[in-house]
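> 3D model of this:
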Amino acid sequence: MVDVMAMLGRYFEGAGLEIVATHGRVVAELALAVGHVASLSPEECTFIQEAAMLHDIGVCRVSAPGIGALGPHPYIMHGILGREILEREGLSQHALVCERHIGVGLTIKDIADQKLPLPPRDMVPRTTAEEIICFADLFFSKKPDRLSHRAPPERVREKLSGFGKDKLQIFDAWMERFGAALQVGG
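Take a look at the predicted model:
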């Protein structure tokens with residue numbers, strides 16, 4: 001078992017720690033509800049809980065003053081920065097969740113078309129656990145006054161619609177597979 005709060009505490013303090021920990025907790029709660037509906041094993045659920053709590057650890061290195069993050073990098077880089085951190089911590093599977101959780105995943109084409117400051121590689125969820133955490137994350141903001149508020153699926157679809165039909169298709173497929181947990185988890 002990973003002591004996620006101790007790990008987050010090594011990278012965040014004050015309001016930043018509270019925001020990232022609270023966001024991670026609500027994402028983990030929904031992800032675990034999905035895991036239970038999907039009949040995942042206890043080991044898979046433990047991984048999901050840990051990885052969901054740590055998925056935004058890279059925020060400690062980005063510039064997002066509204067959530068207490070005063071690092072030098074653009075926010076879009078928090079996934080790859082989190083991967084670097086967790087790989088150094090010896091958590092290679094958790095690290096992949098960090099890199100692959102942005103939106104419904106980023107493709108090489110997305111990175112090139114949007115001219116994102118990211119390495120040119122696919123960063124899309126590949127395992128069920130990665131998909132579940134990515135799905136759960138879509139419903140929660142890190143805005144301090146909205147941390148525990150879960151957005152309705154319609155709002156998530158609306159936000160994703162600006163990124164193309166392919167992103168909506170991924171979300172809709174996840175709703176088919178995981179959406180029942182929205183009733184259980186909420």
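> alpha carbons only for contacts and neighbour counts from here, please
Noted.
> hey, which helix is longest across this structure?
In the chain, taking DSSP state H as the definition, the longest helix is helix 14-37.
> ok now the helix or strand that that helix is followed by, how far from the chain's centre?
Sequence-wise, the next helix or strand downstream of helix 14-37 (DSSP states H and E) is helix 42-54. Here the centre of helix 42-54 is set off from its chain's centre by 12 Å, with CA atoms, centre = their mean, to the nearest Å.
> just for this structure, where's the confidence low?
Per-residue confidence of the chain (counting by pLDDT under 70) places the weak regions at 184-186.
> what about the strands in it?
Counting by DSSP state E, residue ranges of the strands within the chain are 63-64, 69-70.
> what packs against the last one?
If you count contacts as 3 or more CA pairs under 8 Å, 6 or more residues apart in numbering; DSSP states H and E, strand 69-70 packs onto strand 63-64.
> who does the strand it packs on pair up with?
With DSSP bridges as the test, strand 63-64 is paired with strand 69-70 (antiparallel).
> contacts for the partner strand?
With CA atoms under 8 Å, 6 or more residues apart in numbering as the contact definition, strand 69-70 has outside contacts at Gly16, Val59, Cys60, Arg61, Val62, Ser63, Ala64.
> sorry, back to before: need the strands of the chain in TSV with distance to Ala151 and mean neighbour count, can you?
Formatted as TSV, the entries for the strands of the chain read as follows, by distance: least, CA to CA, whole Å; neighbours: other CA atoms under 10 Å:
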stretch	distance to Ala151	mean neighbour count
strand 63-64	21	18
strand 69-70	23	19
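> what lies in contact with the longest helix of the chain?
Residues external to helix 14-37 that are found in contact with it (CA under 8 Å, 6+ apart): 5, 8-9, 44-45, 48-50, 52-57, 60, 67-69, 132-133, 135-137, 139-142, 144, 147-148, 178-182, 184-186.
> so among those residues, which ones count as buried?
Neighbour-count burial (16 or more other CA atoms under 10 Å) is assigned, among those, to 8, 45, 48-50, 52-57, 60, 67-69, 132-133, 135-137, 139-142, 144, 147-148, 178-179, 181-182, 185.
> now intersect the residues you listed with the helices, please.
When helices are assigned by DSSP H, the members of these inside them are 8, 45, 48-50, 52-54, 132-133, 135-137, 178, 181-182.
> burial count for Glu158?
By the measure other CA atoms under 10 Å, the count of residues near Glu158 is 11.
> kindly apply the preceding question to His78 instead.
Each residue near His78 was counted by other CA under 10 Å, and the total is 24.
> could you measure from it over to Arg25?
Counting by CA to CA, to the nearest Å, the gap between His78 and Arg25 amounts to 18 Å.
> and for Pro125?
Distance, Pro125 to Arg25, by CA to CA: 20 Å.
> neighbour count: those two, which is higher?
When neighbours are counted by other CA under 10 Å, Pro125 comes out ahead of the other of Pro125 and Arg25, with 23 against 19.
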